[in-house]
Each structure stands twice: as C-alpha cells, then as structure tokens.
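Enquirer: Make a model of this:
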Amino acid sequence: MRITRRGLVQGAAAAGAGLGVAGSASPTAEALTPAARRTTMRRTLLKGKGPGFVRLVRGPGERHLLRTDLGVRPRPGWRRRRRGLLAFVQLSDVHVLDAQSPLRVELTDRQDDDPEVSTGIFGSAYRPHEMLTAQIADAMVRRINRIRRGPVTGRRLALAIQTGDNSDNSQLNEIRWNIDLLDGGRVRADSGDLTRYEGVADDDPAYYDTHYWHPHGTPPGRTDDIPRRMRGFPTVPGLLEAARRPFRAAGLAMPWYTALGNHDGLAQGNFPTKTLQLDAVAVGGLKLTSTPAGMSVADVIDAMSSGDLPALLQSLDATPAVRRVTADPRRRLLDRRQLVAEHFTTTGAPRGHGFTARNRADGTAYYSFDRGPVRFVALDTVNPNGYANGSLDSRQLAWLRGVLRRSADRIVVVFSHHTSQTMDNPLVATGGDPDPRVLGPEVLELLLAHPCVVAWVNGHSHQNRVWPRRRPGGGGLWEINTAAHIDWPLQSRIIEVADNRDGTLSLFTTVVDHAGPRRWNGRLDTTRQLASLARELAANDWHADDGARGERKDRNVELLVRDPRRLA
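Expert: Next comes the predicted model:
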C-alpha cells in the first residue's frame, strides 16, 4: 500500500469509467431562479487556452441532466407535481492549511515534476496557492450564504456538511481555523513568528529554492524560480503578508455538520498522530525544506514512518536542507478524541457540529441526525492505523446496521470522507483492535440491502463524480462525490431532495464556484480577491488534474431514485 495524498484520483476515475447516462440525454427544462443564477447553472469557469500561465474564461451554464441509470423512471408530469423536501450543501476537502508548519514535506512534490517518471504519489505535497486556503473557504461560505435556497426547489438551505479533510495535518491551529471559518468571526491563518512568513514561499536567500513559487520575487543574485521562469507564474508583492492578515470570516448562515477525513485524523493524511514522534516536529523549530545530500525522498518518508524524523532534523540542523523556524505549541497534533472535543468550542450551531456527548466520551466520530423526512448518517472512514485510504472498524459497522434497521420509514443520506472504491485499507495495528477492518464493498453491500438509503455523499478523490449503485432487485442508491476546495476546480455542491409524488424522488445536485471574481484584478485587500488569485494559481498548478471537474453527467444532474417511504 503506497503513501499518497492525491494519487488515488486515478483509481477512482478508472473505476467510474464506462458508466453511461441512462434516460434523457438532454437537460431538464427549468427557469433560472435567483439562487440558480449564483451557481454553475448560469455559467461555468474553464481554463483558458495557450502555453504558460492561463487565465480562466467563462463557459456556458449547465442545466440539470436527467439520469435514470438505476432503472427508476418518473410518471409523466413529475416536474409539475414535484415538491421540494430538503436542500443542503456539501463542502469537501477544504484542507485549511498551516503552510509554515515544520511537519509539511513540500520537498517531496518535486519527485512528480517529470511526467515520464511521475508516480502521482507526491503531487500534492506542495501547492503554489497553499497559503490561501482560509481565504478560499471564506469565499465559498460567502457564495453559499448568497445562494440561500436550493436553485431548483427553492427550499431554504437547511444545513451544510463537510465530508472530511477539513484541515490538512490534524494540527490544533488548523482545526480551530476550520471551525472559526464556518462559525464566523476573526480568523488569522498564521503561525510561528507573527511578524513574518517562515515557509518555502518566502524570499529568504538563505533558504531560497527554485522549485517553489516565490510570489515576492527573486533575491539578488539568485535565479528566478521554476514556476515563474518556465510556467509564467506572476510576481505578487505583498501576498504573504496579505495571506497572514487577520480577517472577519462570514460564517455559514445555517447549521453545519462534519465528518473526518484522513488529513483530519492522520499526520500528513498518512501517519498515526500519537504512535509516532511527529508531534515534536510539528511544534518544534526545525523544518526540512529540501532533500538532504545523500538522501532520497523515500529516506525521508521512512524516517516519518519509523518515528526517526526528529532525530533526522537534529542531525541536519545548520545544513541547507533544514531551516530554523519559530516553534509554536498550537501546531500540536490532535487525536480523534481531542479533535471531536474541539468542535464543542464553537459559536455556531449545532454545538458539536454533529458529534455527540457519547462521541466525546468514547473517542468515536460517527453519528446520525434527522432533518425533516431525511435521516443523515455520518461515518468515520479514517483508518487510525495509517495510510490515506479508509475503512471501518467492526464496532462502527454494527452501529450502522442498527441505525439502518431503525430507518425503514425514512429517506437516508449517508455521508463520509472516503468513497466506496477508496475504502480499501485493511491495515490493523499490532497490539490494537484485532478485528479485520471493514472495506468499501461490504459497506456498500449493507447500504444496498436497505432501500431507505438513497445516497452516499463523499469526497477524498478531489473530483466531481456521480456513480449509480444498483440493487439486485432493482433500484439502488447514488454515490455522489464532490471536488475539493483546495485543488482545481475549487468547488462545492448543493443537493436537493424532491418528492415527485409518484413513488420516486429526484436528487438535484448543483456545483458551486466560490465568490471570488473570475479573474484576479491585482488586489489583495479582501478574501474574495485572494480566493480569486488562489483559483488561478490552482488552475495552473503543474500537478492539477484537468479531469477533476468531472464529465457532464457528474456535475449538475437530476438523479431518479425510488421513494423508500412507499416501500416501508
């Protein structure tokens, strides 16, 4: 099993290949409501053409494509009869990130720079826009607040759900930034020395490395960095100060709930937070910024896996590979129990954001709640024993069986971080829970055995995908996978549940771009402007996945499914 952060995108894409769209090949006819005009129903954002640094261009809006892949078809006149039941928002893979953390290993990114030898394993260890993740999140919240209602049914947005990787590195400061961004209030996404930036993007000549983008320019006597010299990246004086500047986050104008992803529960999304000595690195004052002489990236990963990274940093102190940074105790790593508890320190609703007093006492992170006729079931798919892909433990599976047995008269929506395909992590720690881990096929089989389940909403792949999952006796559920905030195309999704009053439901999914202007205009004074710049940088990230927007059938769609209340 390989260590990866974004490399599993290729596997997810391959698994989804060949799934056709059954039913109507043309979009449903619908007028643009005020809410719809603030979504991709009105316009889309596309990468421009040409070599070098591309700008974004407007693309046509996309109405909802009808999908009947599950063999469920409505009776004539369903659009006229349908009644909205619930509308909610999915936010995924926000990755609010401490770009100055000593625990980040940006140096591994360059291993995938050469397409002829790239493995896809390290392609997101570093991103040129990673100092702007807090501003991206705020710009998305501002867009969602402006939309207010479901673009098709007109139902007020009842709640928002984060489907994991809300933080990047399971650090206390990142978790707090994520909570405070969604709650609203003052946010300062800065750490270490609050008077200056201490990371790979600065222009300190002692640590200048041409593999990283340096927005402030080139130190005297040094060579321009590769992103500017070879890829046309801009010079943006003052960006690092603007990224660290405190701002007033808007906060979601609705209750919000959360699920954990591998980056919330594991250091670097791969390593257990409390069985290794990585906490000492996170809060310490030494940061590895380039591959040490005589060592490979594999050697660095081995040091992280074995717990020898602190000793390695000490041995390399005063060499060009390691820089001194300001230590910060708020970078400490959180275990699951601490992470859950942190969500009870909040100004938003509900207190705990889905996590219950029982979760807090037991150190678990799965729960359920009802909103109208819909029962939401949150899974914790993080394998605490390590590695990016997920699975469940046997105790959680038993809990899930019980919830589903009691939900026959409800419309059930399951949400988690991992997809069914990426729940393939069987790792069991020595001396830990001896029971085998529960993998995706078994979880999907359980969900399909209960007709009350109409959708499984998840993230992790950083792509827009919608897969039909058929039941042996007909019908089935939809697996809805949504792109990341941190990577191109920086999108979220609105999901609406509508009763067609003929024994079928329509699930409308509408992709949403954040509130930043299409083209960055050179200003750095608002989160919207900084998020606009971040989106352009993400579109030009040399490891960006051009297929992450998904196909037409993966974005704005109307998904037909049987109404389980008629079957109960």
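Enquirer: Poorly predicted segments of the chain, please.
Expert: Where the chain drops to pLDDT under 70, the residues are 1-30, 112-123, 274-276, 568.
Enquirer: top helix in it by residue count?
Expert: Determined from DSSP state H, the single longest helix within the chain is helix 133-147.
Enquirer: Does anything pack onto that helix? Which helices or strands?
Expert: When contacts are defined as 3 or more Cβ pairs under 8 Å, 6 or more residues apart in numbering; DSSP states H and E, helix 133-147 packs onto strand 157-163, helix 172-183, strand 247-249, strand 491-499, strand 504-513, helix 527-539. (C-beta placed from N, C-alpha, C; glycine too.)
Enquirer: Burial check on residue 374, number of neighbours?
Expert: Close neighbours of residue 374, defined as other Cβ atoms under 10 Å, add up to 19.
Enquirer: Wait, it touches residue 407, no?
Expert: No: using Cβ atoms under 8 Å, residue 374 is not in contact with residue 407; the gap is 10.2 Å.
Enquirer: Can you give me the neighbour number for residue 43?
Expert: 15.
Enquirer: for it, what are its contacts?
Expert: Neighbour list for residue 43: 58, 59, 60, 61 [criterion: Cβ atoms under 8 Å, 6 or more residues apart in numbering].
Enquirer: Pull the helix or strand containing the first one out as PDB, backbone CA atoms only.
Expert: This points to residue 58. Per DSSP states H and E: residue 58 is located in strand 56-60. Provided in PDB are the C-alpha atoms of strand 56-60 (Å, rounded to 0.1, in the frame of the first residue of the first chain):
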ATOM      1  CA  LEU A  56      -9.900  31.500 -16.600                       C
ATOM      2  CA  VAL A  57     -12.700  32.000 -19.100                       C
ATOM      3  CA  ARG A  58     -16.500  31.800 -18.900                       C
ATOM      4  CA  GLY A  59     -18.100  28.700 -20.100                       C
ATOM      5  CA  PRO A  60     -21.800  28.000 -20.700                       C
END
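Enquirer: The longest helix of the chain: which residues count as buried?
Expert: 133-145, 147 (16 or more other Cβ atoms under 10 Å).
Enquirer: so what's residue 396 up against?
Expert: 364, 366, 379, 380, 438.
Enquirer: ok, now with 6 Å
Expert: Going by Cβ atoms under 6 Å, 6 or more residues apart in numbering, residue 396 touches residue 366.
Enquirer: For this protein, list the residue farthest from the centre, please.
Expert: Most distant residue from the mean C-alpha position of the chain: residue 221, 39.7 Å away (Cα atoms, centre = their mean).
Enquirer: Tell me how far the residue nearest to that residue when sequence neighbours are not counted lies from residue 323.
Expert: Spatial nearest neighbour of residue 221, chain neighbours left out: residue 205 (7.9 Å); criterion: Cβ to Cβ, 6 or more residues apart in numbering. Residue 205 is 12 Å from residue 323, where distance means Cβ to Cβ, to the nearest Å.
Enquirer: More neighbours: which of the two?
Expert: residue 323 (22 against 11).
Enquirer: Wasn't that one part of a helix?
Expert: No: using DSSP: H, G, I helix; E, B strand; the rest coil, the assignment for residue 323 is strand, not a helix.
Enquirer: ok so, going back, need the buried residues of helix 133-147 in a markdown table (columns: distance to residue 496).
Expert: As requested, the buried residues of helix 133-147 are exported to a markdown table (distance: Cβ to Cβ, whole Å):
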| residue | distance to residue 496 |
| --- | --- |
| 133 | 28 |
| 134 | 29 |
| 135 | 28 |
| 136 | 24 |
| 137 | 23 |
| 138 | 24 |
| 139 | 23 |
| 140 | 18 |
| 141 | 19 |
| 142 | 21 |
| 143 | 17 |
| 144 | 14 |
| 145 | 17 |
| 147 | 12 |
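Enquirer: which residues sit against the longest helix of the chain?
Expert: Everything outside helix 133-147 that qualifies as a contact, by Cβ under 6 Å, 6+ apart, is 35, 38, 89, 94-97, 177, 181, 187, 189, 249-250, 252-253, 485-486, 492, 514-516, 527-528, 530-531, 534.
Enquirer: picking that back up, nearest to residue 302, of the helices and strands packed on helix 133-147?
Expert: If you check each of the helices and strands packed on helix 133-147 against residue 302 by Cβ to Cβ, helix 172-183 wins as the nearest, at 25.3 Å.
Enquirer: same for that closest one, what does it pack against?
Expert: helix 133-147, strand 185-187 (3 or more Cβ pairs under 6 Å, 6 or more residues apart in numbering; DSSP states H and E).
Enquirer: Would you mind putting the ones you listed into JSON lines with distance to residue 431 alongside?
Expert: Converted to JSON lines, the helices and strands packed on helix 172-183 look like this (distance: least, Cβ to Cβ, whole Å):
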{"stretch": "helix 133-147", "distance to residue 431": "36"}
{"stretch": "strand 185-187", "distance to residue 431": "40"}
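Enquirer: and residue 433, which of those is closest to it?
Expert: That would be helix 133-147 among the helices and strands packed on helix 172-183, by Cβ to Cβ, at 33.2 Å.
Enquirer: and the closest one, how far from the chain's centre?
Expert: 14 Å (Cα atoms, centre = their mean, to the nearest Å).
Enquirer: quick one: contacts for residue 560?
Expert: So residue 560 contacts 68, 72, 504 (Cβ under 6 Å, 6+ apart).
Enquirer: follow-up on the earlier one: hang on, the residue nearest to residue 221 in a strand?
Expert: No: applying three-state DSSP, one finds residue 205 to be coil, outside a strand.
Enquirer: so what strands line up beside the strand holding residue 58?
Expert: When sheet partners are counted by DSSP bridges, strand 56-60 sits next to strand 43-47 (antiparallel).
Enquirer: Report the backbone C-alpha coordinates of the partner strand in PDB.
Expert: Presented in PDB, the C-alpha positions along strand 43-47 are these (Å, rounded to 0.1, in the frame of the first residue of the first chain):
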ATOM      1  CA  ARG A  43     -22.100  30.000 -16.100                       C
ATOM      2  CA  THR A  44     -19.100  27.800 -15.600                       C
ATOM      3  CA  LEU A  45     -15.400  28.600 -15.200                       C
ATOM      4  CA  LEU A  46     -12.900  26.900 -17.600                       C
ATOM      5  CA  LYS A  47      -9.200  27.000 -18.100                       C
END
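Enquirer: related to what we said a few turns ago, of the contacts of helix 133-147, buried ones?
Expert: The neighbour-count test (16+ other Cβ under 10 Å) marks 35, 38, 89, 94-97, 177, 181, 187, 189, 249-250, 252, 485-486, 492, 514-516, 527-528, 530-531, 534 as buried among the contacts of helix 133-147.
Enquirer: which residues does the residue nearest the centre of the chain contact?
Expert: For the chain, the residue nearest the mean C-alpha position is residue 93 (0.8 Å; Cα atoms, centre = their mean). Residues counted as contacts of residue 93 (Cβ under 6 Å, 6+ apart) are 165, 459, 462, 484.
Enquirer: among those residues, which are in strands?
Expert: Among these, no member falls in strands (criterion: DSSP state E).
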